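Colleague: Give me the fold of what follows.
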Amino acid sequence: MADPRTDPGREGTRLIAALEKCWTAIQKHHPDLPPVLFISGTGVPRRQTEKPRKSTDAPKRRHYVTRGHHWADRWAVAEEEQRLAELFVAGETVRDGGEEVLKTLLHEAAHALAHVRKIQDTSKGDPRWHRKEFAQLARETGLEPPRRSEKPLGFSNAVLTDATRRKYAAIIRQLDGAALPGLGGADEEGTEEEPPDAPETPGSTNGKRVKVTCGCLPEPRAFPVTPKVLAEGAIICGLCGEPFTLPGEEDQEQPGGDEPAAETEPLSPAAEPSAAVPTPRPAEPAEDGDSPMHMGH
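Modeller: Have a look, this model is predicted:
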């Protein structure tokens, strides 16, 4: 009989067992965390790993890694007549060692707490966008979220604190010492974690609309417009003949709440007024959907 410690066929068992042990340690500090069913695999979507045809000069695609996700009530347990959440941990995460695994599990633990407590911690329109409610739960599990929301993931990019490292020091050492199988490597070309954009600054034109005004007196005419349309050329008022321009920052229309703003091209500061009057194009409506799966990183 093969020794399970040296049998290559048992590597998957060792991996899942290590993740389950780590989750049990987290549950001791957070008793309301439910049991989960662990799965693993690559965190790179298949469409990003497909190679371009040799007949073209298309550049090699970037590989964006999803570190983990929590999917509530995903699996049915017939014997106990209950459903378990799916907790996915990417093989690329396991490759990066104990601290990265712990950070991912604590991140997904925050999502699990949100589900148990019926807290909306991600946007309904874009499950990748982590709301400030998630930031509060992340602090509870031992992570430190960013001070301000970051595009395109909101408050997702939470990191381990020194106190959390000390609390789970034994688990981190065990994960590192187990030499678990992992996917990819540091020298793998084109593979990187999806980076968050720079934080949105108050009064910026990165929202859905900005309000522009003309030179009519005593009351200027005003209407909202996308920065992309405004950057294409001047919009001339038919009454005063003056171009519509941006007023002070306090008058600009900002996206409300914690929902992610639509991705738009920022206004170029070098754009000069043009004599031609462009035809404004209607903004494309944002798709709205809902998903019970929270993308972790």
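Colleague: secondary structure class for Ala72?
Modeller: Following DSSP: H, G, I helix; E, B strand; the rest coil, the label given to Ala72 is strand.
Colleague: What's the local residue count around it?
Modeller: 18 (other Cβ atoms under 10 Å). (Each C-beta comes from the backbone N, C-alpha and C, glycine too.)
Colleague: Now for the residue lying closest to Val89 once chain neighbours are set aside, how many residues are close by?
Modeller: Closest residue to Val89 apart from its sequence neighbours, by Cβ to Cβ, 6 or more residues apart in numbering: Gly68 at 4.9 Å. Burial of Gly68 is recorded as 25 neighbouring residues (other Cβ under 10 Å).
Colleague: Could you pull up the mean pLDDT of stretch 177-196?
Modeller: Averaged across stretch 177-196, pLDDT comes to 63.
Colleague: now do stretch 108-126
Modeller: Rounded mean pLDDT across stretch 108-126 is 93.
Colleague: buried set for it?
Modeller: For stretch 108-126, burial by neighbour count (16 or more other Cβ atoms under 10 Å) applies to 108-115, 119, 121-123, 126.
Colleague: How about stretch 132-151?
Modeller: 133-138, 141-146, 149-150.
Colleague: related to what we said a few turns ago, now for the buried residues of stretch 108-126: which two are most distant?
Modeller: Pairwise distances among the buried residues of stretch 108-126 were taken by Cβ to Cβ; the largest, 21.7 Å, belongs to Ala109 and Asp126.
Colleague: Now Leu217: closest residue in space, sequence neighbours ignored.
Modeller: Looking at Leu217 with Cβ to Cβ, 6+ apart, the closest residue is Cys240, at 7.8 Å.
Colleague: Just name the closest of the buried residues of stretch 132-151 to Gly215, please.
Modeller: Ser149 (36.0 Å).
Colleague: Against Lys28, how distant is that closest one?
Modeller: 31 Å (Cβ to Cβ, to the nearest Å).
Colleague: Could you do Trp71 as well?
Modeller: 24 Å.
Colleague: Of those two, which one has the most company?
Modeller: Between Trp71 and Lys28, counted using other Cβ under 10 Å, the more crowded position is Trp71 (22 against 8).
Colleague: which residues pair with the more buried one across the strands?
Modeller: Following DSSP bridges, Trp71 is listed with bridge partners Glu86, Met293.
Colleague: pLDDT score assigned to it?
Modeller: 87.
Colleague: you'd agree it is up against Glu86?
Modeller: Yes - with contact defined as Cβ atoms under 8 Å, Trp71 reaches Glu86; the gap is 4.1 Å.
Colleague: thinking again about what came up before, run through the residues that contact the residue nearest to Val89.
Modeller: Contact analysis of Gly68 by Cβ atoms under 8 Å, 6 or more residues apart in numbering lists Gly43, Leu87, Phe88, Val89, Ala90, Thr93, Thr104, Leu105, His107, Glu108, Gly296, His297.
Colleague: Dump those residues to CSV, plus secondary structure.
Modeller: Output for those, formatted as CSV (three-state DSSP):
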residue, secondary structure
Gly43, coil
Leu87, strand
Phe88, strand
Val89, strand
Ala90, strand
Thr93, helix
Thr104, helix
Leu105, helix
His107, helix
Glu108, helix
Gly296, coil
His297, coil
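Colleague: about what we covered before: Three-state assignment for the residue nearest to Leu217, please.
Modeller: Going by three-state DSSP, the state assigned to Cys240 is coil.
Colleague: and it, what is it in contact with?
Modeller: With Cβ under 8 Å, 6+ apart, Cys240 has these contacts: Cys214, Gly215, Cys216, Leu217.
Colleague: cutoff 6 Å now
Modeller: Cys214, Gly215, Cys216 (Cβ atoms under 6 Å, 6 or more residues apart in numbering).
Colleague: what's around the last one, how many residues?
Modeller: Neighbour count of Cys216, defined by other Cβ under 10 Å: 14.
Colleague: okay if I get the buried residues of stretch 108-126 as a markdown table plus distance to Arg10?
Modeller: As requested, those are exported to a markdown table (distance: Cβ to Cβ, whole Å):
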| residue | distance to Arg10 |
| --- | --- |
| Glu108 | 25 |
| Ala109 | 27 |
| Ala110 | 31 |
| His111 | 30 |
| Ala112 | 28 |
| Leu113 | 32 |
| Ala114 | 35 |
| His115 | 32 |
| Ile119 | 39 |
| Asp121 | 36 |
| Thr122 | 36 |
| Ser123 | 41 |
| Asp126 | 40 |
